[in-house]
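1. no FASTA, just this:
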């Protein structure tokens, strides 16, 4: 060992021994509930002349009626296509003319409008937002255009990056008929079945004051901002419908396999998945540490084995979706067609190792430093803070979710992490496999993992 | 009596001096008015002309006339014993002194005092428009930014920002696709991988393990011009980062076994980005055809046969040449002071020796002599149409003009091409535009995704008609103003994070020669005119300067 190496080792030891001290606290903010139920979350931030805003409408894609997947997302898109006195072209012009950014889309459990404007255009921003939510034109021609374009964009994605579609196939096969299996932006089939009347009905039933959270952070006076928002939204009606509760999806037992055939594909994209936990899972710190070590950073177990050591892939990781009721826990990667089963076997082995060996203390300290060290940049901008405040409100969490996080990370230990791993990650026997690849070349080999379902990529839906 | 002493007696010399000092002051004020856009651009020339005419007139006047207690008289009519030319001279001296002090204060004030600035009045537009965000919102080059060039040539720029307890490091290495040739294409990108794969003292993977254990994360990217390494880390990891970065620049191990394994990882990346991605495949062929001489023709990831065959010797010589401190620019932004960085740099980077600079890229792409067309037949439901034109370098002022023009054409839902092709005529699912901004002249590049079954030829014709319309008719002042606002708002967004600050500083430092140019962006963008945009459109959007590429299913009509 050279002197140089000793020096490096000393530094590495220092890093292990001393923990990263990160200042993980949310800025102070005002929470105001208007008489009609609109929740306002307001915080000043004056470092740059910008305003970040998020309007969150409870509901979202899981409220899509049976067979009409993509309806909430179409509505979100249409909110930008004309509102108040402005038609679609003038609306877009109004945003672009001031260098603003504004976009609307549906998530699983909310429709989100995100905006990032120069501070001096705050009034315009509120005017546009109020028009979108309260006075959208919902023009039939714009609706047809958006729907047809959405269908064609799915066709284009199949050629340009099939990996992007893996979550749509993955969730549909994993959750089966459960609402979390609905493709957020619909399928070619479901979109084609949506009518303008469906859209109007969804707007009446699922968009209204009692559903609305507005979080806004940036370079403004909080009091003035509050009175402007109250004036713009204080007299709005409630949504006509109720938010339908979603039952918890059951943990899957045994194995099953979906193979989506892309003839001629030179690589296979795949998920190994099961049902995990919800947003209110109490051992969040333990789970985030475990997932950092398992598949959440470059030196994670999955990436080290599949990429760094074996050279089987460009990247392998594990993902946790944590909505209101249990979401997915997923191992995701891709590999050359001929090494498909090598990569799957190796991923399964790594999962087995996670269960058997747990995580040693040195690695826990490393993961904790990593999580703490990478946290502050996630709450750096006004737009990021607005998004975080909205998330807390949507799921009924409070500031402690952020402010007590460092303490919880400190408290996590080998034993509590082992318990968490056992409770959240599936065993190697209980795995749902979803693959996109050249079926002719891999069909036989992958059918060894469990009962095989096959569908062509050109199919116009994501559920087999 | 000599002419000179008579000139002195009659105060002509003093009047000349007074005139000169006064003129300087007037010119300075008018100059400020012009740059503040209070006065028209020709005001300065006009004032200079007036002053030039006024000089001989006032000198002759001083020679002929004399100030007396009874008023102004011709000198010849004044009784010399009663003459007060001496007193007048003293008054003139005082006036010169006062003006000189004013002038000096103005000169010094440019540096020390708040800038002399007229409030700009917004011109009245025919339709109510938001004003361009004016340059009063920019504060010039922030004083806290400090730059430093080490004895071995390593250039370091530091931007302290203590908003969050984190630091960002970017190392811009001047090695990219343009430094390659057949046989070693993709080598720059391969090094981006090898830089994480072990040194004489660290096993492969230890670099990442040590960095992540200290709370840091990293990444890197390679372009046609640069390989850029990025570290994001908490303040507490600063020393570790220096240790790691210096180690890999000094002691990189190029282990043959690791090289073999890494070839597979790069292949996997190639399959992901090129082979299984229709846009990636078409882009690779577009560059290979648009450039016939310049090395921008090579895919950054490398041709497959080169990925398989480059040799140990290729790797070692490339590393020696391109990873020398004199070929690197490091940027730090975040919770740190320049003094801390410079001390650590002296400790860790000073021992790394300077190398002979890399050979210059000599080849200049010759003028394209006619339209080029390529076709890829692939399993694609949605056809793709890509269109490229040769344009300028990052440092050319025309690139700024093109950036604004591209914004007008494809930036946002209200842009011309999006409105026309996507919304109104529904000929395309989406349309985007970008320009390669590098050391050498690059491309302006448009990419369109078409609906399944589209009449590709008709879309192309409609698209080109719109580009030609710009060259013929220009853009409106409202469109220019919108593009200026979008670019300025994006500028502020990019400066709202320490990562954005480091990236922006580095790109300006490397491509324009000084990070200071970043801070004149608001003024530079504000100064662009509709005529500039029309001129750049006319010079770039020519059919003889165009490469056009189509990817579609076999047998589908064009």
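-> Nice, thanks for sending it over. Only a predicted model underlies this, so the values are computations on that prediction, with no experimental measurement involved. Numbers count the residues shown, from 1 in each chain, chains lettered A, B, ... in the order given.
2. Tell me how many other residues crowd residue 264.
-> You didn't pick a chain, so chain A it is. By the criterion of other CB atoms under 10 Å in any protein chain shown, residue A:264 has 11 neighbours. Any C-beta I mention is one placed from the backbone N, CA and C, and that applies to glycine too.
3. if you could check chain B rather than the one you did, that'd help
-> When neighbours are counted by other CB under 10 Å, residue B:264 comes out with 19.
4. So which bits of stretch A:454-464 are buried?
-> Neighbour counts over stretch A:454-464 (16 or more other CB atoms under 10 Å in any protein chain shown) mark A:455, A:457, A:459, A:461, A:462, A:463 as buried.
5. Quote the end-to-end distance of that stretch.
-> 7 Å (CA to CA, to the nearest Å).
6. So is that stretch next to chain B?
-> Yes - under the criterion of CB under 8 Å from any CB of the partner chain, stretch A:454-464 makes contact with chain B via residue A:458.
7. Tell me the gap between that stretch and the middle of its chain.
-> A distance of 23 Å separates the centroid of the chain from that of stretch A:454-464, by CA atoms, centre = their mean, to the nearest Å.
8. got the contact list for it?
-> Here stretch A:454-464 makes contact (CB atoms under 8 Å, 6 or more residues apart in numbering or on different chains) with A:158, A:162, A:165, A:168-169, A:172-173, A:181, A:183, A:187-190, A:192, A:258-262, A:436, A:439, A:443, A:453, B:381.
9. which ones among those are found in helices?
-> When these are checked against helices (DSSP state H), the matches are A:158, A:168, A:169, A:172, A:173, A:188, A:189, A:190, A:192, A:439, A:443.
10. closest to residue A:144 among those residues?
-> residue A:192 (11.2 Å; CB to CB).
11. Just want the phi and psi numbers for residue B:165.
-> phi -80, psi 40 (degrees, to the nearest 10).
12. pretty sure it is touching residue B:335, no?
-> Yes - using CB atoms under 8 Å, residue B:165 is in contact with residue B:335, at 5.2 Å.
13. Quick check: neighbours shared by those two?
-> In contact with both residue B:165 and residue B:335: residue B:235, using CB under 8 Å, 6+ apart.
14. least trustworthy helix or strand in chain B by mean pLDDT?
-> helix B:85-112 (a mean of 55; mean pLDDT, DSSP states H and E).
15. so after it, what's the next helix or strand?
-> strand B:146-149 (DSSP states H and E).
16. mean confidence for that following strand?
-> The average pLDDT for strand B:146-149 rounds to 96.
17. Please see if the helix or strand that comes right after that strand touches chain A.
-> Next along the chain after strand B:146-149, taking DSSP H and E as the criterion, comes strand B:155-160. No - on the criterion CB under 8 Å from any CB, strand B:155-160 is out of touch with chain A, staying 13.6 Å away.
18. Quick check: can you name the pairing partners of strand B:155-160 and their directions?
-> When pairing is defined by DSSP bridges, strand B:155-160 lines up against strand B:146-149 (antiparallel), strand B:328-334 (parallel).
19. From the rest of the structure, what touches it?
-> B:142, B:144-150, B:328-338, B:341-342, B:345, B:498, B:501-502, B:505-506, B:509, B:515.
20. So which bits of the stretch 151-300 of chain A are right by chain B?
-> A:152-153, A:155-156, A:158-163, A:263-267, A:297-299.
21. all helices for the stretch 151-300 of chain A, in order.
-> For the stretch 151-300 of chain A, applying DSSP state H, counting those that start in this stretch gives helices covering A:166-175, A:188-192, A:196-206, A:222-233, A:284-291.
22. With distance to residue A:28 and mean neighbour count added, can I get these in a markdown table?
-> As requested, those are exported to a markdown table (distance: least, CB to CB, whole Å; neighbours: other CB atoms under 10 Å in any protein chain shown):
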| stretch | distance to residue A:28 | mean neighbour count |
| --- | --- | --- |
| helix A:166-175 | 36 | 24 |
| helix A:188-192 | 44 | 20 |
| helix A:196-206 | 32 | 17 |
| helix A:222-233 | 10 | 17 |
| helix A:284-291 | 23 | 24 |
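23. Quick one, grab the pLDDT at residue B:30.
-> So residue B:30 comes in at 62 (pLDDT).
24. What residue in the stretch 151-300 of chain B comes nearest to chain A?
-> Of all residues in the stretch 151-300 of chain B, residue B:215 sits closest to chain A, at 2.3 Å by CB to the nearest CB.
25. Give me the pLDDT for the closest residue to that residue other than its chain neighbours.
-> Using CB to CB, 6 or more residues apart in numbering or on different chains and skipping the chain neighbours, the partner closest in space to residue B:215 is residue A:373 (2.3 Å). Note for residue A:373: predicted pLDDT of 95.
26. between the helix or strand harbouring residue A:373 and helix A:284-291, how big is the angle?
-> According to DSSP H and E, residue A:373 maps onto helix A:361-374. Between helix A:361-374 and helix A:284-291, the angle comes out at 110 degrees (axes from the mean of the first three to the mean of the last three CA atoms, to 10 degrees).
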